[in-house]
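Undergrad: For reference, the sequence and a predicted model appear below.
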Amino acid sequence: MMPIRLRDFIEDDGGLIFAVSAYDNTERAGCVLRYVPDPAGERVDPEGRRYTKLDFEPAYAYIKEHRPEYLDHLHRVPADRIARVYKPEERMDWIASRDVRVRRLLSLFDLPAGKVGCTGSRLIGVENAASDIDLVVYGAAWFSAQAQLARLVQTGTLPAMSEEMWRKVYEKRVPEISFDSFVLHEGRKWNRGEFGDTYFDLLYTRDYDALASAPAGRGREVGRGRIEALVTDASQSFDSPAVYEVEHETVSRVVSFTHTYSGQALAGETIEAVGVLEEHGDTQWLIVGTTREARGEYIVSKTLLEQV
């Protein structure tokens, strides 16, 4: 079996289903509980099993009560408790066979076989009419997909995101920045598009041969902080966590654990960021996204805002 990686789903020996949210998964998979078996649940898989979907805070409350041994910064499921692994790239054909919208969307992109998948509710077959489409693209193929999306919109093959759809995304992400600032930053990322009555994301995940170098581990928290800093390297800014190497007197890296602030700034731009400071050796990192909604935390490109 291939290693468990970010954006896979796993099912434990009690039927709980988790979204994998980390790359360091050898002994204990780092994930977040998403679906709980429930005879009265509104989500139904192809085998007729019913589930209730849990948001971030209810998921942690459930784990604290029912699986306290999994509690950590993420939920950590021991390898010997994992009954099944759902891999987006391996189930892509099955997912597309169930949903004409996914088939039509995929047909617009030219991506190598095995380098694209679909995560989220569709990965386990419990999507509903309101579900968006979470496409996962692996390694260098993601940057190709990003460029293709830009061309598809610029040529009119796909529509530009409408204000109504941006409002929908904004209300779902609940960022700590204004709507106008959110759209300004999002509009140049080319990692999200509108398709029919829904939207889709292009989510970056590392190739298997790059897993070992992914950031891992937490430092000692030393309080909250706000910094302004020059971004010197944004090459991993679409990963999860998103990483921005910065030039600053005490902070060497800004790390975002929320998709809202992936790709938020380019190398050479000055950012303003608010989050939690962690010690890492003789330097500090600023962590953004210590809660799912990143309450009170954000990253903005001051360079981009000043250009408008």
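TA: Yep, that arrived.

Undergrad: Next secondary structure after the lowest-mean-pLDDT helix or strand in the chain?
TA: Using mean pLDDT, DSSP states H and E, helix 163-173 stands out as the lowest-scoring helix or strand of the chain, at a mean of 93. Later in the chain than helix 163-173, the nearest helix or strand by DSSP states H and E is helix 179-186.

Undergrad: Give me the buried positions along that next one.
TA: By neighbour count on 16 or more other C-beta atoms under 10 Å, the buried set for helix 179-186 is 181-182, 184-186. All C-beta spots, glycine's among them, are computed from the backbone N, C-alpha and C.

Undergrad: could I get these as TSV with distance to Glu269 and pLDDT?
TA: Converted to TSV, the buried residues of helix 179-186 look like this (distance: C-beta to C-beta, whole Å; pLDDT from 0 to 100):
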residue	distance to Glu269	pLDDT
Ser181	14	97
Phe182	17	97
Leu184	13	97
His185	11	98
Glu186	15	97
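
Undergrad: re earlier: and the contacts of the least confident helix or strand of the chain?
TA: 161, 179, 182-183, 186, 192, 194, 199, 259-260, 293 (C-beta atoms under 8 Å, 6 or more residues apart in numbering).

Undergrad: go with 7 Å
TA: Contact partners of helix 163-173, identified using C-beta atoms under 7 Å, 6 or more residues apart in numbering, comprise 179, 182-183, 192, 194, 199, 260.

Undergrad: again with stretch 134-143
TA: 7, 88-89, 111-112, 115-120, 145, 200-207, 210, 238.

Undergrad: List only buried entries from those residues.
TA: 7, 88-89, 111, 115-120, 145, 200-206, 238.

Undergrad: Now intersect those residues with the helices, please.
TA: Using DSSP state H, the subset of the buried ones among the contacts of stretch 134-143 located in helices is Ala145.

Undergrad: Quick check: strands, which of the buried ones among the contacts of stretch 134-143 are part of them?
TA: Among these, the members falling in strands (DSSP state E) are 116-119, 200-205.

Undergrad: May I ask which two of those are separated the most?
TA: Phe200 and Thr205 (15.4 Å; C-beta to C-beta).

Undergrad: Quick check: Val100 vs Thr198, distance?
TA: From Val100 over to Thr198 the distance is 13 Å, taken as C-beta to C-beta, to the nearest Å.

Undergrad: What of Asp24?
TA: 32 Å.

Undergrad: Give me the more crowded residue out of those two.
TA: Asp24 (19 against 15; other C-beta atoms under 10 Å).

Undergrad: Show me which of the buried residues of helix 179-186 is closest to Asp282.
TA: Proximity of the buried residues of helix 179-186 to Asp282 (C-beta to C-beta) peaks at His185, which lies at 31.8 Å.

Undergrad: any idea how far Ile177 is from the closest one?
TA: 8 Å.
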